[in-house]
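Enquirer: Okay, sequence plus prediction incoming.
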Amino acid sequence: MYTQDYDEVLIPARMRWPIPPCPSTCTYGAGWSKLAQPYINNEQIFVCPSDSAPTSTSGDGAGTWTVPNSYGVNYAVHNVNYTDIVMLAKVTNPASVISLTDSNSGQPGMDLARSDRMEERHNDTATILFVDGHVKSMRRTATLPPNDLWTVVTQ
């Protein structure tokens, strides 16, 4: 629903915005799970039953909105602050690009370089949601090159 409301742009990993009259270092922010709340209206959905210690994922700065979370998004798909917008229709390989996966970092997301944030908490595998909407259980090593399920190919 978020993607439909924002012209096929996927939800960002996090958003930050300055609050006047603060200097540029004084910001408020929200992570993707908080930005999704108007569409989901349930914070418990972001906590995996197998995660004994979910962390709070959010934007940075004073007044940050946090939601206990067991998952992280792929930064290659879910940009930060709309700096590198990825439109859904431009992704040529949606069935082979990770959108969201089990995470252990307390950060809103990860990418190929930060794939060690993926948490294999289900029989040594992670639950992975792909851009096309299908879900698969995989080991982290199966997402790395030469397979590389982290990189987006756009038109």
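Expert: Sure thing, it's come through.
Enquirer: list the contacts for the residue lying closest to Val97 once chain neighbours are set aside?
Expert: Using CB to CB, 6 or more residues apart in numbering and skipping the chain neighbours, the partner closest in space to Val97 is Val131 (4.8 Å). All C-beta atoms are positioned from the backbone trio N, CA, C, and that covers glycine. The contact partners of Val131, by CB atoms under 8 Å, 6 or more residues apart in numbering, come to 10, 77, 88, 91, 94-95, 97-99, 152.
Enquirer: partner residues bridging Ile128?
Expert: Ile128 has these beta-bridge partners by DSSP bridges: Thr101, Lys136.
Enquirer: quick one: it and Arg139, what's the gap?
Expert: Look at Ile128 and Arg139: by CB to CB, to the nearest Å, they are 10 Å apart.
Enquirer: what's the pLDDT at Tyr28?
Expert: Here, the pLDDT recorded for Tyr28 equals 61.
Enquirer: can you give me the strands for the chain?
Expert: Secondary structure of the chain (DSSP state E): strands located at 14-18, 27-31, 55-57, 67-69, 71-74, 98-102, 109-110, 126-130, 135-138.
Enquirer: looking at these, which is closest to Gln44?
Expert: Nearest to Gln44 among these is strand 67-69 (8.3 Å), distances taken as CB to CB.
Enquirer: Surely His78 is in contact with Met15?
Expert: No - judged on CB atoms under 8 Å, His78 makes no contact with Met15 at a distance of 10.9 Å.
Enquirer: Distance check, the spatially closest residue to Val73 that is not a sequence neighbour against Pro146.
Expert: Nearest non-adjacent residue to Val73, counting by CB to CB, 6+ apart: Gly109, 4.3 Å away. Distance, Gly109 to Pro146, by CB to CB: 23 Å.
Enquirer: Those two: who's more crowded?
Expert: Taking neighbours as other CB atoms under 10 Å, Gly109 and Pro146 compare with Gly109 leading, 26 against 4.
Enquirer: Would you mind measuring from the more buried one to Pro38?
Expert: Distance of Gly109 to Pro38, given as CB to CB: 20 Å.
Enquirer: Find the nearest non-adjacent residue to Val67, please.
Expert: Leaving aside its chain neighbours, Val67 sits nearest to Ser33 (4.4 Å; criterion: CB to CB, 6+ apart).
Enquirer: wait, isn't the one you found in contact with Gly72?
Expert: No - between Ser33 and Gly72 there is no contact under CB under 8 Å: 9.6 Å.
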